[in-house]
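**Student:** kindly return the folded structure for what I paste below:
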Amino acid sequence: MPHIYLCVLWHMHQPFYKDLISGEYRMPWTRLHALKDYYGMVEILEEFPEVHQTFNLVPSLMLQVEDYAAGNAVDPFLRVTLKPAESLTQTEQEFMLRNFVPLNPARNVARFPRYLELCQAWRAADRNIGRALRLFSAQAFRDLQVLSQLAWFDEEFLAKDPDIRELALRGRNFTLDDQALAGRKQTEILGAVLPVYRKFAARGQIEISTTPFYHPILPLICDSNIAEVSHPYVSLPSRFRYPQDARAQLERARQFCQERLGTAPAGLWPSEGSVSDEALGIAAEAGFRWAATDNGVLSRVLGRSAGVEETCRPYVWRQGGREVSLIFRDHYLSDLIGFVYSRMGAAEAAADFLNRIRDNCRGILASGRDAFVPIILDGENAWEYYDQNGRPFLRQLYRGITADPSIRALTVGEALQRLEPQPLDHIFPGSWIGASFDIWIGAEEDNRAWEYLLRARQTYERVAPGVPEADRQLAYEELLISEGSDWCWWYGPEHQSDFRAEFDALYRAHLANVYRALHLTPPEELSRSILKGALAEVHTPPTGPVRPKIDGVVTSYFEWLGAGVYRVDARSGAMHGKRFLVQELCYGSDGQNLYVRVDFEPGAVAGLSGMDAHLTFQPCADPSSESFIVLGFHDGLVSAGEVRLAKPEAAAAVEFAFHKVFEARLSLAALGVGSGQSLRLQLSLWKHGLPVDAIPQEGWLEISTAEPTDWPL
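**Tutor:** Residues are numbered from 1 along each chain as shown. Below is the predicted model of the structure:
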């Protein structure tokens, strides 16, 4: 009797949020998904021993889970969660309201009535911080601290752990002890994640596959020009070609799984299902025996639409004496679980899914052939839209599979042992999205990110041999992290998120760390957002000459009257959530000197100590004649560090002061700028070698240095 071999692969992945130099985790999503998904998705199989599945674990995800479980990881969200509510600063309260209170609560929030009350209060305040702070008491903030964590706890713990269950049932008026308990329970849950995978893999009920270590798009790492095959004439950045990095990402992934989980995976879900002949060849040499991608890629290989007959069978890719078995995910069925069934009842959704599988496979079974159904999808993000985190749906699905003798739920490896593969002599280069790489390359933001990566990679090759081994390893690690797919996922027009700016900043921080590890100053370009149109800017040109006293205070209203003013509108665009330090920049000239004043946001001045300001000037008539100045802020004072002037012999070249504002005078002659000419300016602020703010956010600020007699009357 022929069977339906149903192979479900759950892909578990989050970006690498840790800054290796500071040790800080920039965002909390690995921790939160570890609380909600990674443990329970495996543990539920205890109830269904006949259901076998494949779990794809990304090594960089496991590394982060280990770090949290050991108590070594901290992120800004966790820090503010564990702080006594009475001690929260206004900045921390604002952070909580903006990040812990969703405007449109998902199911995991809505099941807690008190959490919904707090969401409604935030909405009633029109998301206005001033109004909200009048509504939120210390008790309200503590309830928010606890509930914002409980909402992410796995159903297994909400139902069975007596301490967690009591907190959830009480639902409000939490105490400081409750707050601490929620923190301890998080560490417990995180510590249980990897052991549950080891247990189920050892008994053979699950197979563990993996992904290149930091989730890079392998074909683009091997050769970024491959993108033109799947999208002819696409706009591409300078060629990035480092197949040795692809090999390192693959080999390290298998080694890591062997060390942590007791098995070197045979299977590979290449990041985003992205494949090419070169990438598959390297994977085969690294020891992988099977890999998976999307049936959209299969359609491009076959030159026709890959229907049920084509999708419901395995293949084997062979080239140059190397081979890898290939499976192609059923795109339609996989996306039903990911995006559709959350809007249906659990029983109805599970029945619909199994009926569709039976209908699809009826003809194959009638011909006497076994049917192979590959379902591959994200194992975490969909569940917050399901009732009870998707557990009722999964139980109904697994019961239905167990009750049907024609369906056998197998791991990918088990199914491949029972089926004869079809040969393929090549693979079409593409990913699971449109059988192309358009999400990660081709758009202006994407291409700029690749250019920055290439420059960092080239710098590493040139400089690394001359630095100590530990620093060389750190720089290479940061390069591998920067090669991850997650950064360019948010660049370009395809995806939007309130956290795009945070991803952009983290990507640039990883690249900056490459230079820092190599004992180099990170390039100025990394201080500016890659995101286009991130902010609205207001730029008012000068209306008259200025000649202020350089003392770090605005001694008179008239002192800067007539100056040009540049400021960004922090309320607009894709930079939501970013903390700005610079409020505005004023500038002007007296025909002999350029004057610059920087006003900081309220409360930012106290935090400037330990920061550096980088000032770059270019005469518009001769951009190669550049001046560069580094200033250090320490204990309310400013001191000059590196100073490179276009004309250093000019007398009385520069003068600086800082008290309530930063003021500077720079000789136009020293900057190589003639009277009446224009120049370009960039200002950026850095702390511990990482960029924290910049003026302008993109490109250069072009300013006039016209003589006083040139000003209109």
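**Student:** show me the helices in the stretch 301-450 of the chain, by range?
**Tutor:** Taking DSSP state H, counting those that start in this stretch as the criterion, the stretch 301-450 of the chain contains helices spanning 308-311, 331-335, 346-366, 391-403, 412-418, 444-463.
**Student:** so for S556, which of those helices sits nearest?
**Tutor:** Among the helices of the stretch 301-450 of the chain, helix 444-463 comes nearest to S556, with 42.9 Å by Cβ to Cβ. Using the backbone N, CA and C atoms, a C-beta is placed for each residue, glycine as well.
**Student:** helix, strand, or coil at the residue nearest the centre of the chain?
**Tutor:** The geometric centre of the chain, computed from its C-alpha atoms, lies nearest to F503 (Cα atoms, centre = their mean), at 4.4 Å. Secondary structure, DSSP: H, G, I helix; E, B strand; the rest coil: F503 is helix.
**Student:** for G674, give its distance to I375.
**Tutor:** 69 Å (Cβ to Cβ, to the nearest Å).
**Student:** neighbour count: those two, which is higher?
**Tutor:** Each of G674 and I375 had its neighbours counted (other Cβ atoms under 10 Å), and the higher figure belongs to I375 (22 against 14).
**Student:** thought that one was touching S334?
**Tutor:** Yes: counting by Cβ atoms under 8 Å, I375 touches S334, with 5.1 Å between them.
**Student:** in the helix or strand of the chain with the lowest mean pLDDT, what counts as buried?
**Tutor:** None of the helices or strands of the chain scores lower by mean pLDDT, DSSP states H and E than strand 536-540, at a mean of 78. For strand 536-540, the buried set under the neighbour-count rule, 16 or more other Cβ atoms under 10 Å, comprises E537.
**Student:** just give the nearest non-adjacent residue to Q186, would you?
**Tutor:** L35 (6.1 Å; Cβ to Cβ, 6 or more residues apart in numbering).
**Student:** no, scratch that, I was asking about S639
**Tutor:** In this structure, S639 finds its nearest non-sequential neighbour in G632, 5.2 Å apart by Cβ to Cβ, 6+ apart.
**Student:** who does that neighbour bridge with?
**Tutor:** When bridges are taken as DSSP bridges, the partners of G632 come out as D612, S639.
**Student:** neighbours of it, how many?
**Tutor:** Here the neighbour count serves as a burial measure; for G632 (other Cβ under 10 Å) it reads 17.
**Student:** is it correct that Q697 falls within a strand?
**Tutor:** No: with three-state DSSP as the criterion, Q697 is coil rather than part of a strand.
**Student:** just to check, it is in contact with S527?
**Tutor:** No: with contact defined as Cβ under 8 Å, Q697 does not reach S527; the gap is 9.4 Å.
**Student:** so between those two, which is more surrounded?
**Tutor:** With neighbours defined as other Cβ under 10 Å, Q697 and S527 compare such that S527 has more, 23 against 19.
**Student:** what about Q53, distance to A606?
**Tutor:** Q53 is 53 Å from A606, by Cβ to Cβ.
**Student:** those two: which is more packed in?
**Tutor:** Per other Cβ under 10 Å, whichever of Q53 and A606 has more neighbours is Q53, with 24 against 8.
**Student:** which strand residues bridge the nearest residue to the more buried one once chain neighbours are set aside?
**Tutor:** Closest residue to Q53 apart from its sequence neighbours, by Cβ to Cβ, 6+ apart: V8 at 5.0 Å. In this structure, V8 has the following beta-bridge partners (DSSP bridges): I375.
**Student:** is it true that V8 touches F55?
**Tutor:** No: between V8 and F55 no contact is recorded; they are 9.4 Å apart, counting by Cβ under 8 Å.
**Student:** who's in contact with the helix or strand E43 falls within?
**Tutor:** Take DSSP states H and E as the rule and E43 turns out to sit in helix 40-43. Contacts of helix 40-43 from elsewhere in the structure, counted by Cβ atoms under 8 Å, 6 or more residues apart in numbering, are 10, 12, 55, 154-156, 196-197, 200, 206, 379-380, 389, 391.
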